[in-house]
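# return a 3D structure for these sequence lines:
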Amino acid sequence: MATTTDTFDGNDRAETPRTGNGRRPRTVGALIGGIGGALRRRWKLAALVAAIVLALALAAIMTITPSYQAVSRVRVDPSLNPMEQEGAQSVLNAEAIETETGLMSSRALAEAVVRDLELYRDPEFAGDAALAEGAPTPGLISSTVNAVRRRTAIGRDQLSYIISLSFKSEEAEKAATIANSLVETYIDLRVRSTSGTSERQAGFFRERLGELAGEVTAAESRLANYRASTGLPQTGSSGTVADQQITTLSSQLASAEGEAASARSNAQVASAQLASGNVDAVAAVQGSNVIRDLRNQRAEILREKGEIETRYDSRHPEAIRVRDQLAEVDRQILGEGQRVVLSLQAQARASAAEVGALRGRMSSLEGQRATNTRASAEAERLERDAASARAQYDRMNELSLESTQSTGAVITQVEVVDAAEPPVSPDGPPRALLAVLAVLVAGASGIGCALAVEMSRGGLRTIEDFEDELGLRLLASIPLAGRPGSRLKPRRGPDPADTIRADRATLYIEAIRNLRASISRAGGGRGKVVAFTSAIPGEGKTETALSYARLLAINSSRVLLVDCDLRNGRVSRRLPHRPEQGLVELLEGEVTLDQAVSVDETSGLAILSVATAHFTSQDLFEGPAMAEMLSRARQEYEYVVLDLPPVLAVADARTIARHADGVCVVVRWGHTKPHATMQAVDQLRNDGVTILGGAYTMVDPDAPVMAGGYFTGSLYRSYFG
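A predicted model of the protein is given here:
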């Protein structure tokens, strides 16, 4: 019994670079070959889907009514307005252009055209309702407007002021007529709308100007009356009357204060000199003519006195007379000096009184000026009110003038660049091109459907799939069998294993021969007991085991095929006569190996089958009877082939596999899910089973895997007729 596990190491095939997940990258040729194989297998489905899609597409194309598209182009540019000032920047931004396109696609515009051209009478737009008599109903108008709007397209020509309006109709003339009507109606509605707006604005401005004129007059009257009542000068004057008087009085007061100070000083000095008896030191006394005359007279008396005193005694009457004259003159001089001092004091008092009077007047004027200042603040407020009212009036007057001037300017801001002309050919691609596209779409749909169905099966299909997913060597790819070169097994005819004869060469037989060679090489010539198993039922393991055993027997080898599936033994069903004893009876010791074996007359293959289905919990393969049977079989036969049950279905497969020299895992091509086979392989490896490799079964003969993945299977099939 083998106890080692053999895994694929990649030495038997040229190693190709692997991706990060350990898998070999798919070549373009492999992908193309896989797609081609899928289409060959599903060509009927692809053809059916393509035919259905093509029929539907052609039917739809034939029902398409030709439509004609007429285009009219309009320029919207404010620089065309002659009322604009020279050099003024008149630019429409993107939002303004979008607004114009919105107006051109508005419901009001479409309804105006519908009513003007009576399109509600046209079955193309109104349907069967167009045949109704009488005035159109609101519902008919609404549905017709919707139909017109659906056939209308508005667009801006890149970044220019050009707006294109296109309309589609079943008739070329009708398309051009409606397109031009839409443009003309748009211009008319725009002019009327703008003119009406301007007229309403002008009326508003006139009414508002009258109100503002009354407000200006009232404000200016209040200002003038207030200035008159407060004595404030008009706007632009240098100041109030009080301000002017204060200016003059300030000069007078300064002069009077100077004179009063001088007079006061002179009076004080004169009074001091007079009190000290030095009246002659007083400047005013010195300047007095009377005193000057008295001093001249005194000087004369002194001269005379001197002469008399020299001639007479002091008691002489002349001397007394002269002294009396001198005293009288001195008395007069003193009196005159006192009078001058009193005059200076009176002058000082007069100057002080004048200063006081001026100061009183100044105080009165300053009070009046304060009153005027407070009044000026109110006057300024009234003046601001009047100026504000005047400014509002002037601005409103300017707006009124602009509104009046722009009433008809809109006519020159919109012009038709290109009027719509009846189109020569229908809009859209021609039917021939649509038919070609329909063929392409139908073909793509058929191919896509076929590939989708093929991919939904999710089975292993290529050598890379087998080796990368399972980590096993692919020993052979066994095709669907039938007549030589056929793809499918006939519904009625021999089973694949029954076609194996020495005088025939078919794809199926050649695949079994490759399997034999690969098993021999994988086992190193030691593979005397070979077991065949699969992950799940229905993968073709029994047919493969029977074909392999018959091929060995045909080549003059003594071969024993053992059907190890006690519950569902398919080999036993292939025998012409069901035996009465078989494997179960042999293991239970009821019969010998020679008694339990039957021989295939065609190939000479010895078959140990299951006489009756055996459903029991007893494990017949764990005991020594199985080992003894295989030991004797090794002695009597050159090869022993074991047909095991599916690994994931029955535990017997894992038990029996340990007795074999090697196991071949059979995988149904394009059908078995990879994870199921991987689970089966992992279980066998964990049990220490030697896995020689695996084989694809029921492969499409044209699949690239039939030729090792290097060229198409059709070239490979050419060797077999």
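
# give the rounded mean pLDDT of stretch 42-61.
Confidence over stretch 42-61 (mean pLDDT, whole number) is 86.

# from here on, call the first residue 166.
Happy to do that; since the first residue is 166 now, the last one works out to stretch 207-226.

# mind listing what's buried in it?
207, 210, 211, 214, 215, 218, 219, 222, 223 (16 or more other Cβ atoms under 10 Å). No exception for glycine: its C-beta is placed from N, CA and C like everyone else's.

# what residues does that stretch touch?
For stretch 207-226, the external contacting residues (Cβ atoms under 8 Å, 6 or more residues apart in numbering) are 204, 596, 599-600, 603-604, 606-608, 610-612, 614-616, 618-619.

# hmm, which of the residues you listed are the buried ones?
Neighbour-count burial (16+ other Cβ under 10 Å) is assigned, among these, to 204, 599-600, 603, 607-608, 610-612, 614-616, 619.

# CA atoms of stretch 459-478 as PDB?
What follows is stretch 459-478 as a C-alpha-only set of coordinates in PDB (Å, rounded to 0.1, in the frame of the first residue of the first chain):
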ATOM      1  CA  LEU A 459       2.900 180.000  33.300                       C
ATOM      2  CA  ARG A 460       6.400 178.600  33.500                       C
ATOM      3  CA  ASN A 461       7.600 181.300  31.200                       C
ATOM      4  CA  GLN A 462       5.900 183.800  33.400                       C
ATOM      5  CA  ARG A 463       7.400 182.300  36.500                       C
ATOM      6  CA  ALA A 464      10.800 182.400  34.900                       C
ATOM      7  CA  GLU A 465      10.300 186.000  34.200                       C
ATOM      8  CA  ILE A 466       9.200 186.600  37.800                       C
ATOM      9  CA  LEU A 467      12.200 184.800  39.100                       C
ATOM     10  CA  ARG A 468      14.500 186.900  37.000                       C
ATOM     11  CA  GLU A 469      12.800 190.000  38.300                       C
ATOM     12  CA  LYS A 470      13.000 188.700  41.800                       C
ATOM     13  CA  GLY A 471      16.600 188.200  41.500                       C
ATOM     14  CA  GLU A 472      17.100 191.700  40.400                       C
ATOM     15  CA  ILE A 473      15.000 193.100  43.200                       C
ATOM     16  CA  GLU A 474      16.600 191.000  45.900                       C
ATOM     17  CA  THR A 475      19.900 192.400  44.800                       C
ATOM     18  CA  ARG A 476      18.700 195.900  45.100                       C
ATOM     19  CA  TYR A 477      16.400 195.600  48.000                       C
ATOM     20  CA  ASP A 478      15.900 194.000  51.200                       C
END
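
# what residues does it touch?
Contact partners of stretch 459-478, identified using Cβ under 8 Å, 6+ apart, comprise 481, 483, 484, 487, 488, 490, 491, 494, 495, 497, 498, 501.

# what number of residues lie near the last one?
Number of residues near residue 501 (other Cβ atoms under 10 Å) recorded here: 20.

# how close does it sit to residue 824?
Using Cβ to Cβ, to the nearest Å, we find residue 501 at a distance of 179 Å from residue 824.

# domain parsing for the protein?
Annotated domains of the chain cover 193-207+625-653+670-885, 233-361+575-583, 406-547 [automatic domain parsing].

# compare those domains and give me the one nearest residue 566.
domain 233-361+575-583 (10.7 Å; Cβ to Cβ).

# check the offset of that closest one from the chain's centre.
Its chain's average C-alpha position is 32 Å from that of domain 233-361+575-583, according to Cα atoms, centre = their mean, to the nearest Å.

# so how far is the first residue of it from its last?
Using Cα to Cα, to the nearest Å, one end of domain 233-361+575-583 lies 17 Å from the other.

# then stretch 713-725?
11 Å.

# for residue 277, pull up the helix or strand it's in.
Using DSSP states H and E, residue 277 maps to helix 272-282.

# which is the succeeding secondary structure element to that helix?
Counting by DSSP H and E, what follows helix 272-282 is helix 288-291.

# what average pLDDT does that following helix get?
Across helix 288-291, pLDDT averages out at 84.

# narrow the contacts of stretch 207-226 to those in helices?
204, 596, 599-600, 603-604, 606-608, 610-612, 614-616, 618-619 (DSSP state H).

# hey, where'd the strands end up in this structure?
233-241, 317-321, 327-334, 579-583, 639-644, 694-699, 724-728, 763-764, 771-773, 804-808, 827-833, 856-864 (DSSP state E).

# show me what the shortest one is packed against.
For strand 763-764, the helices and strands in contact under the criterion 3 or more Cβ pairs under 8 Å, 6 or more residues apart in numbering; DSSP states H and E are strand 771-773.

# pairing partners for the strand it packs on, with directions?
Using DSSP bridges, strand 771-773 pairs in its sheet with strand 724-728 (parallel), strand 763-764 (antiparallel).

# weakest of those strands in terms of mean pLDDT?
Within the strands paired with strand 771-773, confidence is poorest for strand 763-764, with a mean of 88 (mean pLDDT).

# how far out from the middle of the chain is that strand?
The chain centre lies 79 Å from the centre of strand 763-764; the measure is Cα atoms, centre = their mean.

# tell me the one of the contacts of stretch 459-478 nearest residue 313?
Nearest to residue 313 among the contacts of stretch 459-478: residue 501, at 129.0 Å, using Cβ to Cβ.

# quick one, what contacts that closest one?
Counting by Cβ under 8 Å, 6+ apart, residue 501 touches 450, 453, 455, 456, 459.

# state the mean pLDDT of the top helix by length along the chain.
Scanning the chain for the helix with the most residues, using DSSP H, yields helix 482-570. For helix 482-570, mean pLDDT rounds to 78.

# measure the closest residue to residue 804 other than its chain neighbours to residue 707 for me?
Excluding its sequence neighbours, the residue lying closest to residue 804 (Cβ to Cβ, 6 or more residues apart in numbering) is residue 724, at 4.6 Å. Computed as Cβ to Cβ, the residue 724 to residue 707 distance reads 16 Å.
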